[in-house]
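Novice: Quick one, structure for this:
(one chain, ligands or ions: 2)
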Amino acid sequence: MERENWTSRLGFILAASGSAIGLGNIWRFPFITGTNGGAIFILIYLAAILFIGYPILVSEMSLGRITQKNPIGAFKKMAPDTAWPLVGALGVLSGFVILSYYSVVAGWGMSYIFKSLSFTSKSNFPAIFSAHISSLTEPILWHGIFMFLTIAVIGAGVVNGIQKLVKILMPILFAIIFLLIIRSVTLEGAAAGLSFYLKPNFSAISFQTFTDAISQAFFTLSLGMGAMITYGSYLSKKESINESAAYVLVFDTAVALLAGFAIFPAVFAFGLDPASGPGLTFITLPAVFTQMPFGTFFSLIFFLLLTIAALTSSISMLEVVVAFLVDEYNWNRKKASYLMGFFIFLVGIPPLLGYSSFSNFSFLGMDVLDTYDWFSNNIFLPTGGILTSIFVGHIWGSKNAIKEANLNSRFQIGNIYSLLLKYIVPAAVLLIMLLNIYQTF
Ligand code: PHE
Ligand code: NA
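Specialist: Ligands and ions are numbered 1, 2, ... in the order given. Got it, this is the predicted structure:
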């Protein structure tokens with residue numbers, strides 16, 4: 001069977017941006033920025049995006065397009081009879097693990113669309129959130145619904161599923177973000193939030209700032225697990241990788257920064273704590289919404305935004321797993337989607353139970369979900385990224401990758417990309433990863 005191709009460059013850019021823009025931008029970026037001192041974190045993060053993120057993004061897309069394969073197949077085709085396909089296997093494994101807890105968090109977000117209707121300024125949000133996540137039926141139900149939506153899209157195919165969905169949802173996503181920002185920055189008292197967000201406080205820098213910035217760069221651009229290899233494998237030779245990757249990077253960064261613009265001024269305007277961590281989205285924000293005019297409406301569309309962003313990302317994780325089975329074992333796409341989606345649903349049960357039956361679990365003080373998140377972001381994705389950059393830089397060869405990426409591009413990459421990819425990216429990410437592991441244990 002002929003491999004499906006995105007039908008236009010816009011289709012690819014929206015799909016890849018949809019993968020990139022997700023919980024990482026709207027849930028993870030604001031709370032990580034909040035706990036890392038605001039503006040100074042953003043500066044380091046932007047450097048990581050540009051000097052580490054962009055080279056790997058281009059490499060993954062190029063590797064995908066030249067091989068026309070899923071991550072395991074791509075490494076196999078380029079380096080048969082070697083251990084390199086294991087890098088692809090690590091990616092498929094990461095897809096399993098990340099999607100499983102990602103869907104749990106997305107499920108919380110979905111339930112909050114409906115809960116928004118009953119929120120008032122008297123609601124006790126910490127209690128509402130902990131009651132929600134520590135109950136059983138509701139989170140399982142929403143996790144199941146979210147996984148089912150993900151499965152249905154991937155089962156429908158690359159063009160009829162993924163591309164169709166992102167063409168409808170991405171414009172809605174951008175519209176909602178703009179609406180939220182206008183609301184937030186026009187609140188009285190917003191200025192304090194803007195200054196926290198925009199004025200770097202150099203005393204807030206620590207080693208943690210760097211590890212958090214780099215792991216956030218991987219997560220937010222969907223790197224290190226082959227999602228961009230897989231999406232690149234459906235890209236036609238007529239399209240430019242340099243340019244597409246630049247669009248994805250700009251959109252993803254814009255949405256993260258805009259999410260911060262929407263959130264911090266509002267948090268400060270109501271005297272709340274920007275460093276409240278993962279609960280920022282589910283505890284602090286609903287409180288903020290109930291205090292503003294038309295709060296119910298803004299709360300509802302905020303959680304709708306979160307759900308849309310999560311869905312356009314979760315489909316790219318499942319696609320990695322499904323493309324592998326379809327390419328390598330000739331599985332039927334629908335069967336692969338439903339079966340693997342169901343397994344991933346099951347893998348998500350332990351993190352989900354981490355707030356009830358498994359609440360005794362603790363790994364370095366983290367609950368199950370945070371443990372999944374920690375391993376994915378601090379070990380799996382960086383390891384995948386290091387090995388992918390070494391592979392593309394030295395085994396496939398940066399010259400060949402550059403040729404593929406420059407094809408039909410209005411701007412060309414060359415020596416700087418080569419230098420970054422071959423030496424700087426692997427060395428820097430390895431160093432930070434090892435120091436982080438050493439420090440954690
Ligand atoms: N980039 C997504 C986000 O920011 C998460 C993701 C990671 C998606 C890895 C695919 C692969 O939410
Ligand atoms: Na992202």
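
Novice: CA atoms for contacts and neighbours, from now on please.
Specialist: OK.

Novice: What separation is there between the closest residue to residue 91 other than its chain neighbours and residue 370?
Specialist: Closest residue to residue 91 apart from its sequence neighbours, by C-alpha to C-alpha, 6 or more residues apart in numbering: residue 225 at 3.8 Å. Shown here: residue 225 relative to residue 370, a distance of 19 Å by C-alpha to C-alpha, to the nearest Å.

Novice: cool, and residue 286?
Specialist: According to C-alpha to C-alpha, residue 286 stands 22 Å off from residue 370.

Novice: Tell me which of these two has more neighbours.
Specialist: Comparing residue 286 with residue 370 by neighbour count (other C-alpha atoms under 10 Å), the higher total belongs to residue 286, at 27 against 17.

Novice: List the buried residues of whatever helix or strand residue 94 lives in.
Specialist: Counting by DSSP states H and E, the element that carries residue 94 is helix 85-115. By neighbour count with 16 or more other C-alpha atoms under 10 Å, helix 85-115 contains the buried residues 85, 87-113, 115.

Novice: Quick check: mean pLDDT of stretch 396-408?
Specialist: On average, the pLDDT along stretch 396-408 is 98.

Novice: Can you list the buried residues in that stretch?
Specialist: 398-402, 404-408.

Novice: circling back to that earlier point, just checking, what packs against the very next helix or strand once past the helix holding residue 94?
Specialist: Later in the chain than helix 85-115, the nearest helix or strand by DSSP H and E is helix 125-134. With contacts defined as 3 or more C-alpha pairs under 8 Å, 6 or more residues apart in numbering; DSSP states H and E, the packing partners of helix 125-134 are helix 137-156, helix 284-290.

Novice: between helix 125-134 and helix 85-115, how big is the angle?
Specialist: Here the directions of helix 125-134 and helix 85-115 differ by 130 degrees (axes from the mean of the first three to the mean of the last three C-alpha atoms, to 10 degrees).

Novice: Residue 64 against residue 75, yeah?
Specialist: No - Residue 64 is not in contact with residue 75 according to C-alpha atoms under 8 Å; the separation is 9.4 Å.

Novice: From residue 89, how far out is residue 401?
Specialist: For residue 401, the distance to residue 89 - C-alpha to C-alpha - is 21 Å.

Novice: Over to residue 355?
Specialist: Taking C-alpha to C-alpha, one finds residue 355 at 30 Å from residue 89.

Novice: same check, this time on residue 168
Specialist: Here residue 168 is placed at a distance of 32 Å from residue 89 (C-alpha to C-alpha).

Novice: repeat for residue 272
Specialist: 43 Å.

Novice: Closest residue of the stretch 151-300 of the chain to ligand 2?
Specialist: Proximity of the stretch 151-300 of the chain to ligand 2 (C-alpha to the ion) peaks at residue 220, 3.1 Å away.

Novice: Assess the claim that that residue and residue 21 are in contact.
Specialist: Yes - if you go by C-alpha under 8 Å, residue 220 and residue 21 touch, sitting 6.8 Å apart.

Novice: Find residues that contact each of those two.
Specialist: Common contact partners of residue 220 and residue 21 (C-alpha atoms under 8 Å, 6 or more residues apart in numbering): residue 252.

Novice: Which of the two has more residues huddled nearby?
Specialist: Set residue 220 next to residue 21 and count neighbours by other C-alpha under 10 Å: residue 21 wins out with 33 against 25.

Novice: contacting residues for that one?
Specialist: Listed by C-alpha under 8 Å, 6+ apart, the contact partners of residue 21 are 220-221, 251-252, 255-256, 309-310, 312-313.

Novice: again, only this time at 7 Å
Specialist: Shown in contact with residue 21 (C-alpha atoms under 7 Å, 6 or more residues apart in numbering): 220, 252, 309, 313.

Novice: Next one: it, what pLDDT does it get?
Specialist: We have a pLDDT of 97 for residue 21.

Novice: Residue 19 - how many residues pack around it?
Specialist: Look at residue 19: counted by other C-alpha under 10 Å, it has 27 neighbours.

Novice: Many thanks, have a good one.
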